[in-house]
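Engineer: could you work out the structure for the sequence below:
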Amino acid sequence: MVVRRQKRNRKYLGTRRWGVGNIKNARGAGDRGGVGRAGARKHKFTYMTSKARELMHKKGFHPWNRKRLDEMTLSQINSMLHSNGGKQEIELRNCKVLSNGSLSKPITIKAAGFSKAATEKIKAAGGEAIVIE
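Structural biologist: Model (predicted):
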């Protein structure tokens, strides 16, 4: 079957801005609608303010290969002690131990990082805080 195409309209080809009336009606960037960054102050900006507020006012370069450490509190470690049985050593890779809570037993904790207060509480309970890389 033959593909039929509509003939191109060449009637207004030489005019400046056909289809918009006067030239001042299509003068600025507001004429381009949603092409690229055009319209960023209108509909796209309202999307950012309502649904993607965390993307606003971000500056700088964020390395793609930098890993963030997970957070683990002393109260979570204490509950792990009771559920695991009598283990005296816990290894937490890619975790930083925070000082929220307390320890009931002396334990050796190996983690990627410790807060100052967490190391003090671990040593006060009779345990060790060992930093691994």
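Engineer: hang on, residue 92 packs against residue 110?
Structural biologist: Yes - with contact defined as Cβ atoms under 8 Å, residue 92 and residue 110 form a contacting pair (6.8 Å). Yep, even glycine has a C-beta here, placed from its N, CA and C like the rest.
Engineer: mind listing what's buried along the strand ranked longest in the chain?
Structural biologist: Longest strand of the chain, by residue count under DSSP state E: strand 89-98. Under the neighbour-count criterion of 16 or more other Cβ atoms under 10 Å, strand 89-98 has 90, 92, 95, 96, 97, 98 buried.
Engineer: likewise stretch 77-93?
Structural biologist: The neighbour-count check on stretch 77-93 (16+ other Cβ under 10 Å) flags 77, 78, 81, 90, 92 as buried.
Engineer: for the protein, what spans make up the helices?
Structural biologist: 43-51, 74-84, 116-124 (DSSP state H).
Engineer: check which helices and strands the longest strand of the chain is in contact with.
Structural biologist: Judged by 3 or more Cβ pairs under 8 Å, 6 or more residues apart in numbering; DSSP states H and E, strand 89-98 is in contact with strand 70-73, helix 74-84, strand 108-114, helix 116-124.
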